[in-house]
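In: Pasting a predicted model and its sequence here:
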Amino acid sequence: MTDSSTATSTRPEHLREQMISNIRTSGHLHSERIEQAFRAVARHRFVPAASVEEAYANKAITIKPGADRPASCASVPTVVAMMLGQLDPQPGENVLEIGAGTGYNAALLAELVGPTGSVTTVDIHPDVTDHARHALAETGYGRVRVVTGDGALGEPDHAPYDKIIVTVGPWDLPPAWLEQLAPGGTLVVPLHWRGQARSIAFTRHDTYLRAENSQLCGFIPMIGIVPTGEQTGSITDNVALHWDVDQNIDPAALREVFTGPETTVWSGASVVANEPFDHIWLWLTATESGTCRLDADDEAIEAGVCRPAFSYRTPAIVEGDSLAYLTKPRPIDEPGPDGERRYELGATGHGPAAAQLAERLVRQIQRFDRDRAAQPVITAYPAGTADEDLPTGVVIDKHHVRMVVIP
């Protein structure tokens with residue numbers, strides 16, 4: 001006969017194994033060391049207000065509400081695993097985390113760098129750092145340094161860092177992060193540009209950063225002194241665009257875009273249900289200076305104003321008074337060789353240049369289809385870098401850096 005108290009005490013461990021299994025199934029768990037760290041750290045002890053079942057579910061858990069979105073939360077476990085895989089912390093390394101949250105990620109980092117390594121985590125909210133400090137001390141990770149401050153400034157007292165991981169969503173890369181990162185070190189950051197957010201694994205090369213790996217993600221926008229350059233504007237009822245300050249996009253020029261010519265072009269490339277195709281957006285940022293995000297409410301879609309692939313987050317190209325967007329995939333009558341129902345990808349254009357823009361977007365769909373794992377290279381140089389000193393690619397000017405996305 002099983003003692004009820006024993007059954008209760010083992011339940012979190014059982015749920016933790018289920019969480020690990022789900023992360024593995026998602027394809028974001030490639031390291032035995034990271035798997036063991038997830039097994040060693042009790043996530044439910046970092047989110048005491050949540051039930052044990054919620055603590056090990058694959059979802060974010062808010063620990064500090066905000067006015068219109070959470071101010072701080074525990075990230076989705078699959079995203080945590082993905083970013084730790086990009087960071088690849090090694091025993092003995094010195095790691096800085098921007099965004100302390102619950103302290104859970106810092107505990108995983110402490111497991112991965114071991115007793116000879118060190119972890120510093122910074123957060124702008126004093127109540128968040130109080131929570132993290134207490135949770136880390138209670139779970140045996142009191143050696144983690146918890147600092148209250150603006151993460152844009154890093155933490156110079158313990159620099160240089162072998163690795164820096166950012167768990168909030170900045171639009172720009174503050175100079176302190178590059179300055180405090182050791183040569184050859186890794187910066188993993190969920191950066192916003194062209195309407196999307198991707199976790200980028202940068203490597204420091206002397207005075208610039210270079211990345212060959214980025215993954216789609218979503219994080220709470222970073223606050224504090226880090227600048228933002230994201231712009232938003234309505235182009236008709238219930239339809240808006242999101243773009244960057246360095247782009248020549250005028251929503252007023254698009255007020256009548258949905259009443260003019262419309263063209264849909266199909267690519268011949270197809271996906272099955274739930275198969276990701278976010279790399280199309282990434283390739284667009286490497287080839288089209290007018291890449292942005294289309295945000296359409298359900299009311300606009302139901303009224304037939306537009307038919308985007310996703311209601312609130314669909315990549316688009318804008319050029320003057322015309323635009324094209326990734327359209328809702330259409331079902332293919334015959335199933336693919338795997339027997340699953342397939343859906344063809346395409347683009348819909350509106351305005352005088354509707355056909356040309358849709359065809360240009362389709363070219364990037366087809367590029368994605370030729371090698372679905374391929375990605376453009378992403379670099380970041382200090383803002384004062386001259387054009388002739390930048391590599392060839394689409395330049396994205398932020399306040400502190402000049403990003404170049406190289407196809």
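Out: Cool, got the structure. Numbering: from 1, shown residues only.

In: contacting residues for I301?
Out: Residues near I301 by Cβ atoms under 8 Å, 6 or more residues apart in numbering: R307, P308, S311. C-beta: built from backbone N, CA, C; applies to glycine.

In: okay but the second one is in contact with P315, surely?
Out: No. The pair P308 and P315 fails to qualify as a contact (Cβ atoms under 8 Å) at a distance of 9.1 Å.

In: what do those two both touch?
Out: By Cβ under 8 Å, 6+ apart, P308 and P315 have these common neighbours: L294, Y325, L326.

In: can I assume the first one is in contact with C306?
Out: Yes. Distance between L294 and C306: 7.3 Å, which falls inside the contact criterion (Cβ under 8 Å).

In: can you list residues touching both of these two?
Out: Common neighbours of L294 and C306, counting by Cβ under 8 Å, 6+ apart, are V239, Y325.

In: related to what we said a few turns ago, out of P308 and P315, which sits in the more crowded spot?
Out: Higher neighbour count among P308 and P315: P315, with 28 against 23, using other Cβ atoms under 10 Å.

In: Ramachandran angles for that one?
Out: P315 has phi and psi values of phi -70, psi 140 when expressed as degrees, to the nearest 10.

In: The stretch 51-200 of the chain: helices as residue ranges?
Out: Using DSSP state H, counting those that start in this stretch, the helices of the stretch 51-200 of the chain run over residues 52-55, 77-87, 104-113, 126-138, 175-180.

In: Could you dump those helices into JSON lines and include mean neighbour count?
Out: Listed next are those as JSON lines, based on neighbours: other Cβ atoms under 10 Å:
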{"stretch": "helix 52-55", "mean neighbour count": "18"}
{"stretch": "helix 77-87", "mean neighbour count": "23"}
{"stretch": "helix 104-113", "mean neighbour count": "25"}
{"stretch": "helix 126-138", "mean neighbour count": "19"}
{"stretch": "helix 175-180", "mean neighbour count": "20"}
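
In: got the ones you listed as TSV, with distance to L153 and mean pLDDT columns?
Out: Output for the helices of the stretch 51-200 of the chain, formatted as TSV (distance: least, Cβ to Cβ, whole Å; pLDDT from 0 to 100):
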stretch	distance to L153	mean pLDDT
helix 52-55	32	91
helix 77-87	21	95
helix 104-113	18	98
helix 126-138	15	96
helix 175-180	5	97
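
In: residues touching A286, list them.
Out: Counting by Cβ under 8 Å, 6+ apart, A286 makes contact with P376, G393, V394, V405, I406, P407.

In: Ok, S199 next?
Out: S199 neighbours (Cβ under 8 Å, 6+ apart): V79, M82, M83, Q86, V188, V189, P190, L191, S214, Q215, L216, C217.

In: Can you give me the distance of it to L178?
Out: Distance, S199 to L178, using Cβ to Cβ, to the nearest Å: 18 Å.

In: got it, and I34?
Out: Relative to L178, I34 is positioned 26 Å away (Cβ to Cβ).

In: Give me the distance between A303 and T348.
Out: 15 Å.

In: Neighbour count for these two, which is higher?
Out: Ranked by neighbour count (other Cβ under 10 Å), A303 and T348 place T348 first, with 23 against 12.

In: what's the pLDDT at the closest residue to that one other than its chain neighbours?
Out: The shortest distance from T348 to any non-neighbouring residue, by Cβ to Cβ, 6 or more residues apart in numbering, is to T327 (4.1 Å). Per-residue pLDDT puts T327 at 98.

In: So T327 is in contact with G349, correct?
Out: No. Applying Cβ under 8 Å as the test, T327 and G349 come out as separate, 9.3 Å apart.

In: Looking at those two, which is more packed in?
Out: Between T327 and G349, counted using other Cβ under 10 Å, G349 has the larger neighbour count: 29 against 24.

In: hmm, back to that, narrow the contacts of A286 to just the buried residues.
Out: P376, G393, V394, V405 (16 or more other Cβ atoms under 10 Å).
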